[in-house]
Structure formats: C-alpha cells, structure tokens
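Participant: After the sequence you'll find the predicted model.
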Amino acid sequence: MTTRKKLFVFPNDAILRGETSVLLELRVENYAVIDHVVVEFGSGLNLLTGETGAGKSILIDALALLMGDKASPDVVRHGAEKAVVSCVFHIESAQIDRIFDENGLGSASEDLILKREIAAKSRVWVNNQPATVAVLKQLAPELVAIHAQNETLLAFDPPARLRLLDTFAGITVDSLAQKHAVWRELRSRIDELERSEQDRLRLVDLWSFQKSEIEAAKLEPGEDRRLETERRVLMNSEKLYSAAMSAYDLLYESVNSALSTLRSAGKQLEDIARFDPQFSESIKLLESARADIEDVSTTARDYADGIDASPERLAEVEDRLASIDRLKRKYGSSVEEIVAFGEDLAQKLNEVENREEILRGLRKQLAAVAHDYLAEAQSISRTRTAAARKLQKLAEEEINELAMKARFQVEVKTSGDEANWSPAGLDSVAYLIATNPGEPISPIENIASGGELSRVMLALKASVEAGQTRTNGNGKPKRPVTQRTLVFDEIDTGIGGRAAEAVGKKLKTLGAHNQVLCVTHLPQIASFADHHLLIEKRESGGRTRTTIRKLDAKERTEEIARMLSGAKLTDASLKHAEQMLKANA
C-alpha cells in the first residue's frame, strides 16, 4: 500500500495537538459489487456521492469490517473465493501503543495497516502480523467513529457518554483513576484481614503447616540442579570411571600415550633444530602441548578417583530429589520459587499475628485516600454539571438547525455511595431528547430513526468542537483533543434546503480538526467537500463493477449539477453548481 501524507495536513497544525488517527487509504477486493477499488482520503471533509445502488454505503460497510464488525461469507463477490478489505491509518497514539503491547504486536509504527479476509473463515492482520477480530474492536474506538443510519460502531454506552461530556468540559480523570486504584487495593487488603474468625484460623493453620514444611526441607538455591547432575553421575559411575581412566591411559600412562609420542617427536625436532633454528618455536609449542596434556590427564585421573559408586549415596540423592519434587508440585516449579512462596507465607502470618495493628494503619491510609478521592471526584462532578448545562443549550441549537424540532437535555446523576465509586468518578450521564413537539423526552440511543440519530451525533460532535476550551475546570491546560476519523452515512435522510446546507456547514466545521467521511445524496452538502469522491457502477464483460475516482474542479461542478437536475445536465444546473461551490469553498 502507498501512503500520501501530504493529503492530511490539518489547518493550524491540529494533527499535532494530541492523539491522532487519519485514514489514508482503503482497499476493497471482491466485496459485494466491488471488484477492486483503492480509495485515498485526505484531511478535512471527504464526501462520497453517486447514484443510488452504486455502492457508496458498501465502502462504509467495508471500513466497519476493519473495525471489528461481524463478517459473513455472503458478502464475497460471486465467483470469488474470498473478499479482502484493508486500510492504512496515520497514527500518533499512546493508547494504540498500549493496545499493541497488550496483544504482543510489538510497537505501533507511524502507519497502521489493517487487513481482513472474509471467506469460510475470516482472518485478520495488524501491521502484517496475524491478529484477531477482538484486537480490531480494541483499536476501533481510537481510529473511527461510524454513525450509520441503522447502527453506530462506536456504541453510545455509559463510558462513551461520560467521555463526550468530559471532552467538552476539558476534564481529565487520570489522577482520579490513580486514587481509585490505590483506594481499591487498600480496601481489598482490609477485607482480607477482616475475614471471619473461622476463616482466619483455617488460613493460619494452613499457612503455618506450609511454612513449616518448606522450612523443614532446608532448601538451598540451585540444589535441585546440583543433585540432578550428581544422580546422573552416580547412575553411570562405572561407565564414567572407565572413560576417565581410558582417557588418562591414552594421554599419559600407556607406552604409546599421547604424551610419550609428543616426547619422541620433541627429541626429533631438537635434532633438527641443532642444524636449522627455525624449529625452535615449534619445540616450544610442543612443550606447551605436553603441559596441557599433563593437566588434562591429571584431571581425568582425579575425576575417576573421586567417583563415588556408592548405592547408598545414590539412594540418598534420589530420596532428596523426590522430596523436592513433592514440594515443587505444591509450591513452585523450582527451589527458588518454593523459597519465595515460603517467604510470602511468613509475611502473611506476620500480618495475621499483628492483624489489629496493621488494620489500624490500613484504615488510616484508606480514610486519607478516600478523602482525597472524594474531594477530586466531587470537584469533577461540579465541573461536569456546569458543563452539561452549557452543552445542553449549545447542542439543542445545533440539533434544531438540522431540520429537527427537538428538546435536548444532558442529565448528570451523582452518587457518593462507595458502590458507585469508579476510576471516572461518581457520575453517570444521560443524553435525552424529544425529536417532535409533544413527545416524551428519552435517551437518544433509543431514537427509532437512524437518520435522526446520525444528525444528533453530528450536532453533539459539532457542539463539543465548538465549546471546548483550552483549559480545564481549574484553569490548568487540558489534555489535547483526540483526532479521529468520523464517518456519517445517510445523514441527509429526510432533509433538504436550508437544513441540508446547515448539515454541510457542520460537517465542514468538524473537518477543520477531524477527518470526516460522509455519504450524501444532496448537492447542498456535497458542495462543502474538501475532497469529492464519485462512486459509479458500470457493466463490463457481463458483470457489474463499482469504480471510485476523485473529482477535479470541472468534474465536481458537473457532478453537483447532476445531483441538482438529474442525469441530464443543463446550463442552469451547471451555473447553479458553480455558485454553490464558490459560496461554500
């Protein structure tokens, strides 16, 4: 795959402000009506247009597969064995680095390549390494948010609702999460020490027995390995003795030993050296070799003398190894692990014996940590509540500019009960809406119309972009905003005219600091594109094929004119298209 980084330079260096992911390229092969297409995307607003049935939404579906969506062999193009979808993202993300590390994928590079084969059995690759659909699902929230008519890939679940408000308010919960982790660990230790008396005594008896058993063994580090070696020697003592003595005899003792041969050779060389001095050095080498052979032969003889062929010693070694093996089955795979287990038991018993004193210290620590956690959590709750009122007003205005007459509320519920404490604080957030006058207000994730949900999500995202401040609630610099690829499919359902123009403007606004992909049927929206892609369906060789191409200025004018007047272009539609493009550039 080729990457073209020049396509994603955001205005005002937005890409450098925080964690980013930008979709550079999408490849689709043998998927539905698509034979083979390669689409390059740029920064800002990428709009996809084309006649109904050309395959615009198929591209979005293909991208959803790369984000972990469910795959079916039914999508494989007729006559092909498999469908293949792949993409390239440019990324700068510590979170993605963490996902790579947790899944054994090494370090994430600047370009992230995802690939998926759909056949009888689906296969997944991440940066050319085999992976799983579960990994794609972990990566998806960091890369893409797809808001389609009948589904949203980024589920609007409780954590997502809270993150949206926190992003708007400039709230970070890293410090709070650390306090919560410490509090939870202290709470767990206290709970363990506060077990019922019966459970505590049962554990003390077990730990005491285990500790005594380990201590009685008097284990030494590396003892098992040394004994294994000794057992092998004892079991093969006759063979080893014979081999060692044979080596000694061949090297030193026999008439034709290596040492005798070297002495004879040395005398011959000494005779030569009396007439030709060049052999003087050779004589020294032979003397060195004789010294080495004497050392080796002595070592072989001493080894043979030291071999203990005692059956009694072999029995002792085997008994000791059997005892160590019994302890290994209970407490660890090596002597070192058994010793460490015993030390841990000693610590636990010490805690039990000094239970009351330790509990007093832990409770004091817990109270201090809980106080700090609550203070920070309550401060965050106040910031969230204030931000919710601002977001509520701003989002309602944005929603009602998108051909909806809606009432919108952001509801923050706070509970200080310990059961409700979480790394993100004490709050839960609900986004409520009534899309028509007289209707009851209800959570937006329960909205029946997919088109309405897409527009509400667009309005919310636009509101967050518009309302974000550069500092958090206490005036400190906020964490940089995450830039992702936002995808809107069928967002223009049931709208037109002024509402369509408002949708186009909002998409353009989002595109200033995010990459936006949008499928549209409306010329009013298409005229706002930074990059306009045309999807066409053609027949070739008796088969229907989908093609995609990026439009130049002249082609854009003609495509928007076609969207205005139908298949037949007119001077009036071309002129109108030129005016729209000029006004919305």
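Facilitator: Alright, I've got the coordinates. Residues are numbered from 1 along each chain as shown.
Participant: how far does the lowest-mean-pLDDT helix or strand in the chain sit from the chain's center?
Facilitator: Each helix and strand of the chain was given a mean pLDDT (mean pLDDT, DSSP states H and E); the minimum falls on helix 450-467 at a mean of 75. The chain centroid and the centroid of helix 450-467 are separated by 27 Å under Cα atoms, centre = their mean, to the nearest Å.
Participant: Summarise which helices and strands that helix is packed against.
Facilitator: Secondary-structure packing of helix 450-467 (3 or more Cβ pairs under 8 Å, 6 or more residues apart in numbering; DSSP states H and E): strand 144-147, helix 158-169, helix 355-400, strand 485-489, helix 497-511. Heads up, the C-betas are built off the backbone N, CA and C, glycines and all.
Participant: Format these as TSV; extra columns: mean neighbour count and mean pLDDT.
Facilitator: Formatted as TSV, the helices and strands packed on helix 450-467 follow (neighbours: other Cβ atoms under 10 Å; pLDDT from 0 to 100):
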stretch	mean neighbour count	mean pLDDT
strand 144-147	22	79
helix 158-169	20	87
helix 355-400	17	92
strand 485-489	25	85
helix 497-511	21	84
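Participant: quick one: which of the ones you listed is nearest L227?
Facilitator: helix 355-400 (39.3 Å; Cβ to Cβ).
Participant: In the sheet, which strands lie alongside the helix or strand just after the closest one, parallel or antiparallel?
Facilitator: Note on helix 355-400: by DSSP states H and E, the next helix or strand toward the C-terminus is strand 407-414. Next to strand 407-414 in the sheet, as set by DSSP bridges, lie strand 427-434 (antiparallel).
Participant: per-residue confidence for the residue most central in space within the chain?
Facilitator: Central residue of the chain (Cα atoms, centre = their mean): I99, 1.3 Å from the mean position. pLDDT for I99: 90.
Participant: how far away is G222 from P130?
Facilitator: Distance of G222 to P130, computed by Cβ to Cβ, to the nearest Å: 39 Å.
Participant: Same check on D427?
Facilitator: 40 Å.
Participant: got it, and E281?
Facilitator: From E281 across to P130, the span is 61 Å (Cβ to Cβ).
Participant: E230 reaches E318, doesn't it?
Facilitator: No - assessed by Cβ atoms under 8 Å, E230 is found out of contact with E318, at 10.2 Å.
Participant: List the residues that contact the nearest residue to A499 once chain neighbours are set aside.
Facilitator: Counting by Cβ to Cβ, 6 or more residues apart in numbering, A499 lies nearest to A403, which is 3.2 Å off, once chain neighbours are set aside. Taking Cβ atoms under 8 Å, 6 or more residues apart in numbering, we find A403 in contact with R455, G494, I495, G496, A499, A500, A502.
Participant: Model confidence for A403, exactly?
Facilitator: Taking A403 on its own, its pLDDT is 72.
Participant: From what I see, R301 and A244 are in contact.
Facilitator: Yes - counting by Cβ under 8 Å, A244 is a contact partner of R301 at 7.2 Å.
Participant: Tell me who's in contact with D372.
Facilitator: K179.
Participant: measure it to L176 for me?
Facilitator: Per Cβ to Cβ, D372 is found 10 Å from L176.
Participant: ok, now V133?
Facilitator: Distance of V133 to L176, computed by Cβ to Cβ: 32 Å.
Participant: repeat for K554
Facilitator: 55 Å.
Participant: Same check on K121?
Facilitator: 44 Å.
Participant: the more surrounded of those two?
Facilitator: A direct count of neighbours by other Cβ atoms under 10 Å for K121 and L176 places L176 higher, at 22 against 9.
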